[in-house]
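>>> The following block contains a protein sequence and its predicted model.
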Amino acid sequence: MPGSGKTTLGRALAEHLGVPFLDLDAEIVARAGQVVSAIFLQHGEAYFRQLEADTLREIAAQAGPLVLATGGGTPCFHHNLTVLKNSGVTVWLDVPVAVLTARLAAAAETNSRPLLATSGPSEKWLHETLSIRTQFYQQAQLRCPADACTAAAVAAQLAAAGIALG
Ligand SMILES: Nc1ncnc2c1ncn2[C@@H]1O[C@H](COP(=O)(O)OP(=O)(O)OP(=O)(O)O)[C@@H](O)[C@H]1O
Ligand SMILES: O=C(O)C1=C[C@@H](O)[C@@H](O)[C@H](O)C1
Ligand SMILES: [Mg+2]
C-alpha cells in the first residue's frame, strides 16, 4: 500500500543482502520522462497500468538478483502478481490503515509529497483500496507486519524459508 515502507525497507534490504535496489515507480518515471502524477493526469490510469506491466516484465527478465519495490497497485493488475511470483520472492508489508494514514499525513506535512499534500489518499480510500487489494497482497510468499518490517527481519524470514538469492 502507499506509505507501507516499500522504498525504505527495500533499500535497507538490498543493502543487507548486498544486491541492487530498484523502485518500479522510479523506473516507470525514467521511461516515461514524466512523474507518476503527470502520467495519471495526462494519459489516465489504464495507460499507467500498461506502462507498469511492461516495465515490470522488462525488469523481471533481467539477469541477477535485486530487491524491487513495486507500486502499491502493481500486484493487482495485468497478472503482474504471477510475474512477481515466477521471478522472485514476494513480500507483503502488512501495515494497518491507521498507520498508513499517520505516515502519509506526516510526509505530506513535510511537503516531500506535494501530490499527497493536495489530493493524497484519504483514510476512506485507503480502507476501501486495502480491502480490495488484500486478496492479492495475501498471496505474497512472506508477510511482514508493520512492527516487524526491518531488513533483518525479512532476511531472517528468507533464511528460515531456505531461500537463497542468486
Ligand atoms: N518501518 C517503519 N516504521 C516507521 N516509519 C516508517 C517505516 N517505514 C517507512 N516509514 C516512513 O513512512 C513513510 C513512507 O515510507 P516509504 O516512502 O518507504 O513508503 P512507500 O511504500 O515506498 O511509499 P510510496 O507508496 O509513496 O512509494 C516515510 O516517511 C518513512 O520514513
Ligand atoms: O497504489 C497505487 O495504486 C499506486 C501507488 C504508487 O506507488 C504508484 O504506482 C501509483 O501512484 C499507483
Ligand atoms: Mg516508495
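Structure received. Ligands and ions are numbered 1, 2, ... in the order given.

>>> ok, the residue in the chain that ligand 3 sits nearest to to Ala14 distance?
The chain approaches ligand 3 most closely through Thr7 (3.3 Å), counting by C-beta to the ion. For every residue, glycine as well, the C-beta is placed using N, CA and C. Distance, Thr7 to Ala14, by C-beta to C-beta, to the nearest Å: 11 Å.

>>> right, and the helix or strand after the helix or strand of the chain with the lowest mean pLDDT?
Within the chain, judged by mean pLDDT, DSSP states H and E, the helix or strand with the poorest mean is helix 114-119; its value is a mean of 48. Counting by DSSP states H and E, the element after helix 114-119 in chain order, helix or strand, is helix 123-137.

>>> Check which helices and strands that following helix sits against.
Secondary-structure packing of helix 123-137 (3 or more C-beta pairs under 8 Å, 6 or more residues apart in numbering; DSSP states H and E): helix 97-109.

>>> Let me know the angle separating the helix it packs on from helix 123-137.
120 degrees (axes from the mean of the first three to the mean of the last three C-alpha atoms, to 10 degrees).

>>> List the buried residues for helix 97-109?
97, 100-101, 103-104, 107-108 (16 or more other C-beta atoms under 10 Å).
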